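[1] Predicted model and sequence follow; I will ask about them next.
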Amino acid sequence: MVKMYSIQRNQFYTTVTSNESVLHLLCKKKCGWMLRGTKSSEHSRGFTLVTYKGLHRENCVTKVLSTDHPHLDSSIISKYVNSFVRKDLSLKVEFIQELIFKQFQFDVPYRRAWYAKEKAIAEIFGDWVSSYDRLPHFMQALQQSNPGTYVIRKHKTLVDGVYYSNMEVFERVFWVFDPCIENFKHYIPVIYIDGTHLYGKYKGTLLVAISVDASFQEFPLAFAVVEGENTSSWSWFLGCIRVHVTQRDGLCVISDQHPGIIAAMNDPNVGFTEP
């Protein structure tokens, strides 16, 4: 609220103290305006105002607006654009900049608007760390609600040369739904495989295998999230398909001929042989 008040009146304050228990602000132009708040406990949702000296002097309020305001930070912006991001996750950063200018008549840098969008996404959907922490529970829910679904997870304990003995670090996950397995038995023996990059904090690649039904409509077959497109990840994905999806002979596999795919297809241990 203090930030919004300062933005709307084009005033500025300096933070003397800001921690979990005390908030102390002074007028940047040293007019005597001061605010001090405290929390009665660590579970309190907000600060209780204990000292306030105001209002600002007239010379602290300028009629000439600057192009930016230091208190119009990413936290304020994220709260304002939250509803817009909730409706459209692909909301352009430039659109957010336009929204903020129309609302506050201030220009905000691209990076700040981008960071505000990231904060809004985290508030709506959860941050990257908590999302990956929930991944095992999500996969377990898939299996419980879709009996016969296969989920194969791989974890690692060595990350960038650091050994984690007390925790599991996500590496890969493969999943296929039981109806996909059963229906593929009656479909054309053709699968198309490809990968697409994931854009987020942890990057990675989504690998997908699709087939074609009797009406020549695309049919999703199997999925995996891996660290990237390489021989190891493609061999693992194609091996999972051979073990858990189909052992049919004479399959036609269509791909973009990524080197990792070619190497995996030529590896007899993966399970695919010509023709």
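    Everything's here; your move. Numbering: from 1, shown residues only.
[2] Could you use CA atoms for every contact and neighbour count after this?
    OK.
[3] And for Tyr163, the neighbour number?
    11 (other C-alpha atoms under 10 Å).
[4] I'd assumed Lys156 was in contact with it.
    No: under the criterion of C-alpha atoms under 8 Å, Tyr163 is not in contact with Lys156, lying 9.1 Å apart.
[5] which stretches of the stretch 1-150 of the chain have low pLDDT?
    Within the stretch 1-150 of the chain, the stretches with pLDDT under 70 are 1-13, 29, 32, 40, 42-43, 45, 56-71.
[6] Now do the helices in it.
    Remark: helices assigned in the stretch 1-150 of the chain by DSSP state H, counting those that start in this stretch are 2-9, 74-87, 93-104, 110-125, 128-133, 135-145.
[7] what's the closest of those to Arg36?
    helix 2-9 (11.4 Å; C-alpha to C-alpha).
[8] Which of the helices of the stretch 1-150 of the chain sits closest to Gly46?
    Nearest to Gly46, of all these, is helix 2-9, at 12.3 Å by C-alpha to C-alpha.
[9] Who are the contact partners of the closest residue to Lys117 other than its chain neighbours?
    Once flanking residues are discounted, Lys117 sits nearest to Ser78: 5.9 Å by C-alpha to C-alpha, 6 or more residues apart in numbering. For Ser78, the contact set (C-alpha atoms under 8 Å, 6 or more residues apart in numbering) comprises 116-117, 119-120.
[10] Quick one: the residues you listed as JSON lines, columns for distance to Leu198 and neighbour count too.
    Formatted as JSON lines, the contacts of Ser78 follow (distance: C-alpha to C-alpha, whole Å; neighbours: other C-alpha atoms under 10 Å):
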{"residue": "Ala116", "distance to Leu198": "20", "neighbour count": "24"}
{"residue": "Lys117", "distance to Leu198": "18", "neighbour count": "27"}
{"residue": "Lys119", "distance to Leu198": "19", "neighbour count": "20"}
{"residue": "Ala120", "distance to Leu198": "19", "neighbour count": "26"}
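[11] All set now, cheers.
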